[in-house]
Structure formats: C-alpha cells, structure tokens
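In: let's see this in three dimensions:
(one chain, ligands or ions: 2)
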Amino acid sequence: MPLRIALIHPTLGVPFIFDIASRNGIELIVISPDDTAEAEAFPAVIGCEFLPIYDAPEQALTSLEALHKKWNFDGIMSVKEPSVVWTAAAANRLGLPGISPDAAMAARDKSMMRRLFEEAGLTVPRNITLEHSNELEHCRSLTFPCIVKPSSGLNSAGVQLVQDFAQLCKAFTYVEQLNQDVYRHLSWHQSGNFAKVLIEEFINGPEFVVELFAVDGEVHALNCGYKGIPQGPYFEESVYLCPPDVEPTLITNIQHTAIAGMKALGLTNGPGHCELRLNHEGTPIILEIGARLGGAGCAHFNVEASNRIDFIGLYFHWLTNTLTPENWPPDTTGLSKAASSWIMPLGGSGVLLSIKGLDAVNKHPDTRYILDFSHPGKHYRPYPDFDGFLIIVFGQHNSPQMGEEYFKFLESTLKTHWGQQHVK
Ligand code: ADP
Ligand code: CA
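Out: Numbering: from 1, shown residues only. Ligands and ions are numbered 1, 2, ... in the order given. Predicted structure coming up:
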C-alpha cells in the first residue's frame, strides 16, 4: 500500500513537494481552506478536501477525524507558517507523528520564543510585548532605533524599523490594525489567541538562516545560508546563499545556536527554519524559528542543491516512520556546490504591468528553477504591506562567490514595470 500524507494548505505554485512525493510513491491528500479544485491536477495528489482550518479550527479538527476514517492517513504535514499550530493539534488528535502543539505555538509566537530562548541561556534582543496602546508609555525610554512587528507575523509584513517614540507609536497603530485584519485570524491555539505587538532591539549585523531537522531530540543542521544585511525601514526578503562566504567556525557557531534554539522551544521532532543576525560582538542572535520547511521551496532547494540532502524526502520518511540509516542522521559532509534563491524585489508598487528579463535568466547556466507568482494587472502595495512574491529564482553555483555574481546578474536583468502608483 502506498503511504498517504495529508498535506495542509500547500502553495500550489511550488512544485517540490508534489514531485518528491511522486518520486517516492507517496499519495497526497490536499487539505485546504481555499477552493481545492486546482490541486487535483498536481503530481501525487489523489484527493482534495476543504476544511475551514483558520475560520473554524476546532470544527475543522473534528471534521478531520471523519476524513481520517475515509483516507487513513499515515502522516500529516504543513508547510505554511499559519497552519503549523493547527497541524500539530491535528497530528495529536489523530495519533500521528507530529510536533508537540505547545512547541508549535512557541515557534509561532515570537514573544514566547524570546522568553524560552532567554530561559535556555541564549542571548535575545531586548524586547517588550504590548497588547494595548495604553502600554506605549513603557516604550519612551527605549534605545532607538528599534523594531516594531507583529508577534505572529510572516513574510516580513508589518515589520518596521523606527527611529523615535513618535514613529514607534505610528508603527504600533499600524501593526495593531494588521493584527486585527489578518494575524488574529491566523494565530489560533487551544489556549487562546496569541497575536500581539513585539517591540525589540535592532540587531544590525549580517543575517543568516539554518534549516534543521530533529528526530527524538537529536537535532541536525542541514545547511547555513547568508541572507544579506537588511537595514530597513522595511524588510523585504531577498537573497539566500549557501554556504555563506564566511569562516567555517562562524558557520558552526551559527548552527550550534540554531540547534540550541530548537531545543529551547521543545522542537525535538520535525523541521525547523531558523533566522539569525550577528550583533555588534559577532554573536549569532536568533530572530525566529519556524517549525516548518522554510518558505516557497527555498529551504528544500538550498539544502538539496548545496548539500545533496533531500529535505522533503527526509520529512516524508520521518512522518511515515520509514527513516533508515541512509537518510538519518543526514550526511552533512558532502558539500559540493553553492545554492541560492533570490526573491525578486518589488522595485515599485501600483498595478503590475510586466516583468522583463525572464528569458535571459532562463538561459543563464546557473539557473535551476524560476517560480513565477506574479499577476500582471494586480495591484501591489509597497512594504510594510505584503501582497505576494513576484518571482523566485533558484540557482546552483560552483562557489559562493559565483552565487554573489549571479545575484548581481539577476538584479540588473529582471525588471518590473508598474502603472498607476499607489498613494498611501
Ligand atoms: P517574519 O516572520 O514576518 O519573517 P521576522 O521576525 O523574521 O518576521 O522579521 C522579518 C525580517 O525583519 C528579518 O528577516 C530581519 O531582516 C528583520 N528583523 C526582524 N526583527 C529584527 C531585529 N530584532 N533586528 C534586526 N532585524 C530584524
Ligand atoms: Ca522571518
């Protein structure tokens, strides 16, 4: 009998999960709060079910039990940040392998994350969490600049660097509104909603990322990537290059911090996506850990194309209790190539007319995949609002230096054209 996985709310434009499931003979049942019709055409998908996982999470858990009787799932998997907590609760309810629901919430709630890291002896940015505007007075004496962000945000939406108390108050109002409009809806936990406003010290050194996997408390770093040195005021995601062109001892230090972070959150099983920045002393400071594969296929591609580890395959094997000495512990010594993903900057806002340069990128020998999420004719607002990625380009290179050259090529080649500027 082929193994069956319930795949919770996948991004359909990202091919990796579907292709790898198909290669491994795994059957997928897509469970989504959106119209599921389109998903039926994807490789390995044998069924699609609608569940209101954000609108009515408790009811969706009950309905899932009936779906389990129908499909008899071997595993349940989420790849999107907002569905991580619900999926953990679902695995628990069905008695399937999963992340503990408390650890899943700790990885969604950046305020709780700060507390747990600190308790585990990790250095954290100085921070304060606010629930109401009348608490803003506590922030007068903060050191500026500092970061204001939603405590359960994603895609950098709402994250802002502020220079003084007046800007902080404005950013707070903005994030509070975003919480009401978006994040409260995506921040369900059985113990209550966890969407708040987090204000914290700005860590301004280079940014890194580590993809991780844990099995029964044994946590391994699968790679380390460089993410630029973003200076704000908004934090549009851009580059991801692994391995980074830095000293091996720094990479080890960053990976050890990420592993300690996983353990601090109780993420003793499953995937982790950890983002860190170096402070002025060169100490890696964790910004966050997501209890999932990093976004839009970037995590899987960068791990596989640089380190030859099939990240999604590993996840499938863990979910279905089919790990063997061949895939666990992962062989992280086989570094052969550099890999990158590059999220195209918006480069403007308003109505998207067109994107030029894709043909030239397609022809470049380092290009492996181009994912096109853009919708010409759609209105895109500037950051800190987020209306979706445009293009993600995945590359493979003979060295990290060639990866840096490739980024320059992409920046000068791909261009957006906008009509009707957005007026705020
Ligand atoms: P999201 O979950 O929306 O990705 P993050 O907390 O990861 O939110 O913030 C998005 C980006 O904003 C980070 O990748 C980083 O570049 C920047 N950022 C967030 N918090 C800080 C901080 N305390 N210091 C420096 N940069 C930060
Ligand atoms: Ca992030």
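
In: from now on I want contacts and neighbour counts done on CA atoms only, so please keep to that.
Out: Will do.

In: in stretch 383-395, what's buried?
Out: Neighbour-count burial for stretch 383-395 flags 383-385, 389-395 (criterion: 16 or more other C-alpha atoms under 10 Å).

In: return the member of those residues nearest to ligand 1.
Out: Proximity of these to ligand 1 (C-alpha to the nearest ligand atom) peaks at residue 384, which lies at 9.9 Å.

In: tell me the SS of the closest one?
Out: coil (DSSP: H, G, I helix; E, B strand; the rest coil).

In: angles on the backbone of it, please.
Out: phi -80, psi 10 (degrees, to the nearest 10).

In: isn't it right next to residue 155, touching?
Out: No. With contact defined as C-alpha atoms under 8 Å, residue 384 does not count as touching residue 155 (9.7 Å).

In: what about residue 7, distance to residue 295?
Out: According to C-alpha to C-alpha, to the nearest Å, residue 7 and residue 295 sit 15 Å apart.

In: what's the answer for residue 91, then?
Out: 21 Å.

In: residue 219 is in contact with residue 210, correct?
Out: No. Assessed by C-alpha under 8 Å, residue 210 is found out of contact with residue 219, at 11.9 Å.

In: which one of the two is surrounded by more residues?
Out: residue 210 (28 against 23; other C-alpha atoms under 10 Å).

In: doesn't the more buried one belong to a helix?
Out: No. Counting by three-state DSSP, residue 210 is not found in a helix; it is strand.

In: ok, now which ones touch the closest residue to it other than its chain neighbours?
Out: Closest residue to residue 210 apart from its sequence neighbours, by C-alpha to C-alpha, 6 or more residues apart in numbering: residue 224 at 4.6 Å. Contacts for residue 224 (C-alpha atoms under 8 Å, 6 or more residues apart in numbering) come out as 208-211, 242-244, 251, 254-255.

In: dump those into CSV; add distance to ligand 1 as well.
Out: Converted to CSV, those look like this (distance: C-alpha to the nearest ligand atom, whole Å):
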residue, distance to ligand 1
208, 9
209, 9
210, 12
211, 14
242, 16
243, 18
244, 16
251, 18
254, 15
255, 17
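
In: quick one: low-confidence parts of the stretch 301-424 of the chain?
Out: Filtered on pLDDT under 70, the stretch 301-424 of the chain yields the residue ranges 334-335, 421-424.

In: what parts of it come near ligand 1?
Out: Contact residues, the stretch 301-424 of the chain versus ligand 1 (C-alpha under 6 Å from any ligand atom): none.

In: tell me which stretches of the stretch 301-424 of the chain form strands.
Out: 338-343, 350-356, 367-372, 379-380, 391-397, 415-419 (DSSP state E, counting those that start in this stretch).

In: surely residue 307 is in contact with residue 301?
Out: No. The criterion here is C-alpha under 8 Å, and residue 307 misses it with residue 301 at 9.7 Å.

In: show me which of residue 7 and residue 295 is the more surrounded one.
Out: Just comparing residue 7 and residue 295: by other C-alpha under 10 Å the higher neighbour count belongs to residue 7, 22 against 17.

In: which strands and helices sit next to the strand or helix carrying that one?
Out: Element membership for residue 7 (DSSP states H and E) is strand 4-8. Packing contacts for strand 4-8, counted by 3 or more C-alpha pairs under 8 Å, 6 or more residues apart in numbering; DSSP states H and E, involve strand 27-32, strand 75-78.

In: which of those strands sits closest to ligand 1?
Out: strand 75-78 (16.2 Å).

In: what lines up beside the closest one in the sheet?
Out: Neighbouring strands of strand 75-78 in its sheet, by DSSP bridges, are strand 4-8 (parallel).

In: returning to that earlier point: tabulate the helices and strands packed on strand 4-8 (JSON lines), appending distance to residue 350 and mean neighbour count.
Out: As requested, the helices and strands packed on strand 4-8 are exported to JSON lines (distance: least, C-alpha to C-alpha, whole Å; neighbours: other C-alpha atoms under 10 Å):
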{"stretch": "strand 27-32", "distance to residue 350": "30", "mean neighbour count": "24"}
{"stretch": "strand 75-78", "distance to residue 350": "32", "mean neighbour count": "24"}
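
In: go through those and name the closest to residue 327.
Out: strand 75-78 (18.0 Å; C-alpha to C-alpha).

In: so for that closest one, what's the average pLDDT?
Out: Strand 75-78 comes out with an average pLDDT of 96.

In: returning to what we had before: got CSV for the helices and strands packed on strand 4-8, with distance to ligand 1 too?
Out: Converted to CSV, the helices and strands packed on strand 4-8 look like this (distance: least, C-alpha to the nearest ligand atom, whole Å):
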stretch, distance to ligand 1
strand 27-32, 21
strand 75-78, 16
